[in-house]
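Enquirer: I'll drop the sequence and a predicted model, then ask my questions.
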Amino acid sequence: MTTQAASPPVRWSAPDGLWTEPDLHLFPQDGHRYEIVDGCLHATPPPSEEHEAIVRAVVSTLRAAAPPGWWVCGRLGVQIGNSNLVPDVTVLRPRSSGSIWSDPADVALVVEVESGATRRYDRILKPSLYAEGGIHAFWRIEPGHGTPVLRSYILGGTRYRSDNSIEGAEPVKLDAPFPIHLAPAAWA
């Protein structure tokens, strides 16, 4: 009987200069989220099942309300300058390019669901990069308040301005990315 030796773990090394999109293909599909911010690598741990359930519910809600031709995608990357970000949910306008890394001009909305490991990243860094890319609308969802709280933002110049703070079971109408009635309590 022959035994096979366990193969050694895959090794990678950091690039000599800035991280770029092709470098992201070096990482295993292990549930971690690997992103590049201004040429620097950023990794977050795999999300919890609660986080993933909210992402699935938001995708379902947006898909049900999307006009024909709009695309609602979970984990579709957006390339903004030297940054490659992966929002929890991305809504693409009709006639988008369909590339693996979306052009921010094609993106109508990005959604981030906070976790303990991503709270500051989702509140400070990522919104500033999305605004820099000209993405019209940004939603941040805060789980853990009994029911999720949705904070919606609209681009005003070069920064997002607060549009709504929504929680509970009573449906509320939002106009961006398209007219939609939603109740965050349904996502819990």
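Expert: All right, it came through fine.
Enquirer: residue 15: neighbour count?
Expert: The number of residues packed near residue 15 is 13, by other CB atoms under 10 Å. Any C-beta I mention is one placed from the backbone N, CA and C, and that applies to glycine too.
Enquirer: got the contact list for it?
Expert: residue 23 (CB atoms under 8 Å, 6 or more residues apart in numbering).
Enquirer: looks to me like it is in a strand.
Expert: No: under DSSP: H, G, I helix; E, B strand; the rest coil, residue 15 sits outside any strand and is assigned coil.
Enquirer: what's the separation between residue 119 and residue 113?
Expert: 11 Å (CB to CB, to the nearest Å).
Enquirer: meant to ask about residue 168, not that
Expert: Distance from residue 168 to residue 113, by CB to CB: 18 Å.
Enquirer: more neighbours, residue 119 and residue 113?
Expert: residue 113 (27 against 13).
Enquirer: centre-most residue in this protein?
Expert: residue 87 (1.1 Å; CA atoms, centre = their mean).
Enquirer: helix/strand/coil for it?
Expert: coil.
Enquirer: list the buried residues in the longest helix that the chain contains.
Expert: The longest helix of the chain (DSSP state H) is helix 49-65. Neighbour counts using 16 or more other CB atoms under 10 Å place 51, 54-55, 57-59, 61-62, 65 of helix 49-65 among the buried residues.
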